[in-house]
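> Quick one, what's the 3D model for this:
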Amino acid sequence: MKTVSSISLAGGQGKTTVVLFLARLLASQGHTVLLIDADPQSSLTTFLGFQVESDSPTLLEVLKKQVATEDGIYKTRYENLFLIPSDDALDNVQDYLAGSGTGAFTLKRRLTPIAKLFDYCIIDAPPQRSQICLTVIGASNALMIPIETSVKGLQSLIRTLELIAEMKDDQEAFDGEILGVIPFRDRWVGLRRTTESESNIDSMKQISTEWLGSDLVLPSIRESEKFKQAINKGLTLHEMGQGDLAYPVEVIAEKIKKLEVKPL
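Now for the predicted structure:
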């Protein structure tokens, strides 16, 4: 199982959108995909139309080892797509992870028993530097970094890369790959990208080169209401007749397929 997380240390950067459309694409291609909603805001769980019952295990119980990992996994309405959901109670796991002494490895350990059941695991990380975020990074073979094409997005990119660099310094905490930076809400007017988007994407390339040694900025996700419409209707972009908007997600999927995973 290849485990890839979507991380960005600010809200509104496109993390959940990328996770959802990436997972739907991989599942539609016949791959078994496990989604993990590691954000207490639970946007991914909501987007999938999943209702968490009061007595149903979620990621909280999985992390605290109150249930076996497989007992926290649910089928979704989409073929080949499964979910470990969350709700706002997930915030209660912060002290548990901090007090365990090995919090960065907790999620990785919980996923080990079910690793042979899925082709891919895609995780939606919380938008804050937190114990949950650290354990998500620690469980990942690779990271993708969605960033809004705005000043707020650039600030988020720097904070995110700072955190990843810290965890890379500890080889045991994270020794995976950075798949790339994904510009989100890239604004165009007609056939031309706006000056603001152009400038911010250029800045992303500079920041990426400074921190990662090369320009890892991937094709951008354009600003479009079609994404929201597809989510609301439970459709893929291709099913919406918007294959051109799906291109950036297709690029990410191909990079994940080529990802080499080190044996546990």
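> Val181 reaches Ser208, doesn't it?
Yes. With contact defined as C-beta atoms under 8 Å, Val181 counts as touching Ser208 (5.4 Å). Yep, even glycine has a C-beta here, placed from its N, CA and C like the rest.
> what's the overlap in contacts for the two?
Shared contacts of Val181 and Ser208 (C-beta atoms under 8 Å, 6 or more residues apart in numbering): Leu157, Leu216, Val217.
> Once you drop chain neighbours, what's closest to the first one?
What it means is Leu157. In this structure, Leu157 finds its nearest non-sequential neighbour in Ile147, 4.8 Å apart by C-beta to C-beta, 6 or more residues apart in numbering.
> what about Ser140, distance to Leu107?
For Ser140, the distance to Leu107 (C-beta to C-beta, to the nearest Å) stands at 9 Å.
> So those two - more neighbours on which side?
Leu107 (29 against 26; other C-beta atoms under 10 Å).
> same for the helix or strand that contains that one, what does it pack against?
Element membership for Leu107 (DSSP states H and E) is helix 106-111. Helices and strands touching helix 106-111, as assessed by 3 or more C-beta pairs under 8 Å, 6 or more residues apart in numbering; DSSP states H and E, comprise helix 59-63, helix 131-138.
> Redo these as JSON lines? Include distance to Tyr247 and mean pLDDT.
Below are these laid out as JSON lines (distance: least, C-beta to C-beta, whole Å; pLDDT from 0 to 100):
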{"stretch": "helix 59-63", "distance to Tyr247": "31", "mean pLDDT": "95"}
{"stretch": "helix 131-138", "distance to Tyr247": "27", "mean pLDDT": "94"}
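> Could I get those in TSV, plus columns for distance to Pro85?
TSV is the format used below for these (distance: least, C-beta to C-beta, whole Å):
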stretch	distance to Pro85
helix 59-63	7
helix 131-138	14
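> closest one to Glu196 among these?
Comparison of those against Glu196 by C-beta to C-beta identifies helix 131-138 as nearest, at 28.5 Å.
> between the helix or strand following the closest one and helix 131-138, how big is the angle?
Using DSSP H and E, the next helix or strand after helix 131-138 towards the C-terminus is strand 142-148. On the basis of axes from the mean of the first three to the mean of the last three C-alpha atoms, to 10 degrees, strand 142-148 is oriented at 130 degrees to helix 131-138.
> After strand 142-148, which helix or strand is next?
Following strand 142-148 toward the C-terminus (DSSP H and E): helix 151-169.
> Pull out the buried positions in that following helix.
Residues of helix 151-169 classed as buried: Gly153, Leu154, Ser156, Leu157, Thr160, Leu161, Leu163, Ile164, Met167 (neighbour count, 16 or more other C-beta atoms under 10 Å).
> gap between the residue nearest to the second one when sequence neighbours are not counted and Thr149?
The shortest distance from Leu154 to any residue that is not its chain neighbour, by C-beta to C-beta, 6+ apart, is 5.5 Å, and that residue is Ser203. Here the criterion is C-beta to C-beta. By it, Ser203 lies 9 Å from Thr149.
> Please identify which of the two sits among more neighbours.
Thr149 (27 against 17).
> Hmm, Thr195 and that one touching each other?
No. Using C-beta under 8 Å, Thr149 makes no contact with Thr195, being 11.2 Å away.
> Which neighbours do those two have in common?
Counting by C-beta under 8 Å, 6+ apart, Thr149 and Thr195 have no shared contacts at all.
> neighbours around the residue nearest to Leu163 when sequence neighbours are not counted, how many?
Nearest non-adjacent residue to Leu163, counting by C-beta to C-beta, 6+ apart: Arg129, 5.8 Å away. Arg129 has 14 neighbours, counted by other C-beta under 10 Å.
> Surely Arg129 is within a helix?
No. Assigned with DSSP: H, G, I helix; E, B strand; the rest coil, Arg129 falls outside any helix and is coil.
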